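[1] dropping the sequence and predicted coords here.
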Amino acid sequence: MEQTLSIIKPDAVAKGVIGKIFDRFESNGLRIAATKKLQLSRIEAKNFYAVHKERPFFNDLVDFMISGPVVVSVLEGENAMQKNRDLMGATNPKEAKAGTIRADFAENIDANAVHGSDSLENADTEIAFFFASKDIS
Ligand code: IDP
Ligand code: MG
């Protein structure tokens, strides 16, 4: 069964919508195979988002991701990676379709509620960044 990595970002954790976002996953065929709440260090956030290090928004993104705790989860199901991306909606919440997580819970492109892996290869790398295989079930 396919697996992907989800992060509920600091804005959504602070708003108290962890449960509402988990419900989106579980109501749409994505099982939570592992999950934990944690505070990212600056080094961890930089390493996690290393693919974006040349982008103009990189420093703001890292500052935001360490501004409070996040919830990282492994989601499992058929087409889990793409299904999670569809549930998330567009990167910019103003462009996200009605009923998506970002349309419903995010304020702007900086604070956009959730992260989801964007390919199966990245999903494997991102899952391994946070979880040992023995802790995924
Ligand atoms: P994604 O989260 O939808 O996969 P990416 O392009 O991978 O979008 O960008 C990673 C994160 O960087 C976004 O979720 C958003 O928080 C931030 N970001 C992306 N583009 C911009 C931008 O143009 N300005 C500010 N932040 C951005
Ligand atoms: Mg991305």
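    The structure has been received and is ready for your questions. Numbering: from 1, shown residues only. Ligands and ions are numbered 1, 2, ... in the order given.

[2] how about the residues of the chain by ligand 1?
    Proximity of the chain to ligand 1 (C-beta under 6 Å from any ligand atom) is limited to residues 52, 57, 61, 91, 109, 110, 112, 115, 118. In this view, the C-beta of every residue, glycine as well, is placed from N, C-alpha and C.

[3] just flag the most distant two among these.
    By the measure C-beta to C-beta, 110 and 118 form the most distant pair in the residues of the chain next to ligand 1, at 18.2 Å.

[4] rewinding a little: may I see the PyMOL selection of the buried members of the residues of the chain next to ligand 1?
    Command for PyMOL, covering only those of the residues of the chain next to ligand 1 found buried under the criterion 16 or more other C-beta atoms under 10 Å:
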select buried, resi 61+112+115
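
[5] can I get the residues of the chain next to ligand 1 in a markdown table including secondary structure and pLDDT?
    Shown next, in a markdown table, are those (DSSP: H, G, I helix; E, B strand; the rest coil; pLDDT from 0 to 100):
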| residue | secondary structure | pLDDT |
| --- | --- | --- |
| 52 | helix | 97 |
| 57 | coil | 97 |
| 61 | helix | 98 |
| 91 | coil | 98 |
| 109 | coil | 97 |
| 110 | coil | 95 |
| 112 | coil | 98 |
| 115 | strand | 98 |
| 118 | coil | 98 |
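
[6] out of the residues of the chain next to ligand 1, which is nearest to residue 15?
    Nearest to residue 15 among the residues of the chain next to ligand 1, counting by C-beta to C-beta, is residue 112 at 12.4 Å.
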